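> A structural model of the following input is requested.
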Amino acid sequence: MVDEMVDEMVNKMVDEVVNKMVDKMVDKMVDKMVDKVVDKMVDKMVDKMMGKMVDKMVNER
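Numbers count the residues shown, from 1 in each chain. Okay, here's the model as predicted:
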């Protein structure tokens, strides 16, 4: 009887800790992915804008 109760408590604690750890890991992974995607998008946008600006400046002369 006592053993079963202890087992149940241990299992619940382990489950909670594992769930929290997984949540944190997923959050960090998502954050990093979002940061990388945003960085790449900004880089591409800046590259394209610079290219277009240079083209316009060259063409208008």
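
> gap between the helix or strand residue 17 falls within and the chain center?
Using DSSP states H and E, residue 17 sits within helix 2-60. With C-alpha atoms, centre = their mean, to the nearest Å as the basis, helix 2-60 stands 0 Å off its chain's centre.

> average model confidence for it?
Here helix 2-60 scores 96 as its mean pLDDT.

> what helices or strands is that helix leaning on?
Judged by 3 or more C-beta pairs under 8 Å, 6 or more residues apart in numbering; DSSP states H and E, helix 2-60 has no packing partners among the helices and strands. Where C-beta positions appear, they are placed from N, C-alpha and C, glycine not excepted.

> how far away is residue 50 from residue 11?
Look at residue 50 and residue 11: by C-beta to C-beta, to the nearest Å, they are 58 Å apart.

> what count of nearby residues applies to residue 42?
Using other C-beta atoms under 10 Å, the number of residues around residue 42 comes to 10.

> could you do residue 43 as well?
10.

> residue 7 too?
Counted with other C-beta under 10 Å, residue 7 comes out at 10.

> cool, and residue 33?
For residue 33, using other C-beta under 10 Å, the count is 10.

> just residue 53 next, same as before
10.

> do you know how far it is from residue 47?
Taken as C-beta to C-beta, the span from residue 53 to residue 47 is 11 Å.

> same check on residue 35?
Distance of residue 35 to residue 47, computed by C-beta to C-beta: 19 Å.

> same check on residue 32?
Between residue 32 and residue 47 the computed distance is 22 Å (C-beta to C-beta).

> again with residue 24
Distance from residue 24 to residue 47, counting by C-beta to C-beta: 35 Å.

> residue 1 now?
Counting by C-beta to C-beta, the gap between residue 1 and residue 47 amounts to 69 Å.
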